[in-house]
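# Below: sequence and its predicted model.
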Amino acid sequence: MKVPFFRHSLNEEDIKEVINTLRSPYLTTGNKNEEFEEIFSKYLNTKYCLSINSCTAALHLSILALELEYDEKVIVPALSFMASANAVLMANREVVFVDIDRETGLMDLNMVEDFIKKDKKIKVIMPVHLYGQMVSPKDLLFLKEKYGVYIVEDCAHCIEGERDGYKPGFGDFACFSFYATKNITCGEGGAIVFNNEKFLEKLKLLRLHGLDRRKHKILYDMELLGWKYNLTNFQASMLITQLKRIDNLWQRRKEIYQTYYNAFKNLNISMPKVYGKSAYHLFVILVENRDELMEKLIENGIEVSVHYPKPIPLLKFYRENFGYNENQFKNAYWFSNHVLSLPFYPDLKDEEINYVIDVLSSLLQKEV
């Protein structure tokens, strides 16, 4: 049996919506963007939303919108996709990496506070809500209140999550991804949600060249240096229909998660601890001899992935330009050498789930 690592969950309604939008006059940013932004804001209980062409762009614009001083810094977990840190460098600000909690894979907030105490130039915390689980909003808001820092949430893995009574969007900005493998997708895309009206017009300008068309659609002006980060109308349209069934898709992922968890909890592996409601974006296990096990699963037709094979500061660019080493991020380094992502998506069939369980269980039992 062949089990793909991922299949999208687009249906005929999504396809029909895109076709209808393609037949309309507007292909680039238009009425469907506005409709999606309104629905997405309501889903997350935030006041404002702007659709963007990627989560990376959303993170970049969020840092720019804060108008930090040039020597002020952003603290980022060592374990995430490279875009989390890259967005900070793109905004010409310094990244400070912090290690993770080995039990959850999330940034270690005790270490974050220690860093902030020692370095008054750290002005932004970028929590990455990894695999679908939120970094504690309660603790982050405590740090925000105590030290006057901003919070820019990387929610690429977490739309449906909840913790401490909060959804994503409790910080100054929350940034989302609609990449092909995300819980809702338009192939490439993203969004920023926020509650402070003062950022609205500036982010609109930054999203599209700094172009100001508020006074006249033809006789425009350029107020500031912006980027080309807008999302197309037809991409936004397919997100609208997926949002209608996002909770049903989440429920199916929860069922698969529980099936996997029950099957693996007594085997020679561990799984990250989960607090609150997970968005169930990825199902990851932590195993010894990860690379060998990964190859055996692939030989048996089961496609897997690794999130992530190296901590960001140990990627070649960061290592060579900033001199980081594995001893500085021991938990992230350990995690990246043990983590393995299994097939996990709503269209995964029961027989495929059982096949993954049977093959993995057999391989692990042989190792004991």
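Looks like it came in fine.
# contacting residues around the residue nearest in space to the middle of the chain?
Centroid-nearest residue in the chain: A156, 1.5 Å away (criterion: Cα atoms, centre = their mean). Neighbouring residues of A156 by Cβ atoms under 8 Å, 6 or more residues apart in numbering: C55, F81, A83, V128, C175, F176, S177, Y179, K182. In short, each C-beta sits where N, CA and C put it, glycine included.
# Now do the second one: how many residues are near it, please.
When you say that, I think you mean F81. Using other Cβ atoms under 10 Å, F81 has 19 other residues around it.
# give me the element it is part of.
Using DSSP states H and E, no element contains F81; it sits outside every helix and strand.
# Run through the strands of this structure in chain order.
48-52, 73-77, 94-98, 122-125, 150-154, 173-177, 190-194, 211-212, 221-222, 283-286, 339-342 (DSSP state E).
# a markdown table please, covering the contacts of A156 and showing pLDDT and distance to V135.
Listed next are the contacts of A156 as a markdown table, based on pLDDT from 0 to 100; distance: Cβ to Cβ, whole Å:
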| residue | pLDDT | distance to V135 |
| --- | --- | --- |
| C55 | 98 | 16 |
| F81 | 98 | 15 |
| A83 | 98 | 17 |
| V128 | 98 | 7 |
| C175 | 98 | 14 |
| F176 | 98 | 15 |
| S177 | 98 | 16 |
| Y179 | 98 | 21 |
| K182 | 98 | 18 |
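# Make JSON lines from the residues you listed and add distance to T232 to it.
Listed next are these as JSON lines, based on distance: Cβ to Cβ, whole Å:
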{"residue": "C55", "distance to T232": "16"}
{"residue": "F81", "distance to T232": "23"}
{"residue": "A83", "distance to T232": "20"}
{"residue": "V128", "distance to T232": "27"}
{"residue": "C175", "distance to T232": "19"}
{"residue": "F176", "distance to T232": "16"}
{"residue": "S177", "distance to T232": "16"}
{"residue": "Y179", "distance to T232": "15"}
{"residue": "K182", "distance to T232": "17"}
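# K202: which of those residues is nearest?
Proximity of the contacts of A156 to K202, judged by Cβ to Cβ, is greatest for C175, which lies at 15.7 Å.
# List the residues that contact the closest one.
C175 is in contact with C55, A58, L59, S62, V152, E153, D154, C155, A156, G190, A191, I192, counting by Cβ under 8 Å, 6+ apart.
# List buried members of those by neighbour count.
C55, A58, L59, S62, V152, E153, D154, C155, A156, G190, A191, I192 (16 or more other Cβ atoms under 10 Å).
# Now flag whichever of the residues you listed is closest to N31.
Among the buried ones among the contacts of C175, and counting by Cβ to Cβ, the member closest to N31 is A191, at 16.4 Å.
# The closest one reaches F173, doesn't it?
No. With contact defined as Cβ atoms under 8 Å, A191 does not reach F173; the gap is 10.4 Å.
# tally of neighbours for I75?
By other Cβ under 10 Å, neighbour count at I75 equals 23.
# Return the residues in contact with the closest residue to it other than its chain neighbours.
Distances taken as Cβ to Cβ, 6 or more residues apart in numbering put V96 closest to I75, at 4.6 Å, once the chain neighbours are dropped. Contacts for V96 (Cβ under 8 Å, 6+ apart) come out as K73, V74, I75, V76, F115, D119, I122.
# who touches the first one in this structure?
Taking Cβ under 8 Å, 6+ apart as the criterion, K73 is in contact with R93, E94, V95, V96, D119, K121, I122, K123, V124.
# could you measure it against Y166, distance?
25 Å (Cβ to Cβ, to the nearest Å).
# Also the last one?
Spatial separation of I122 from Y166 under the definition Cβ to Cβ is 22 Å.
# Quick one, grab the pLDDT at the nearest residue to L61 once chain neighbours are set aside.
Closest residue to L61 apart from its sequence neighbours, by Cβ to Cβ, 6+ apart: L206 at 5.0 Å. Per-residue pLDDT puts L206 at 97.
# thought L200 was touching Y48?
Yes. Using Cβ under 8 Å, L200 is in contact with Y48, at 5.6 Å.
# on that earlier part again, quick one: which of the contacts of A156 is nearest to K330?
Distance to K330, by Cβ to Cβ, is smallest for V128 among the contacts of A156, at 18.3 Å.
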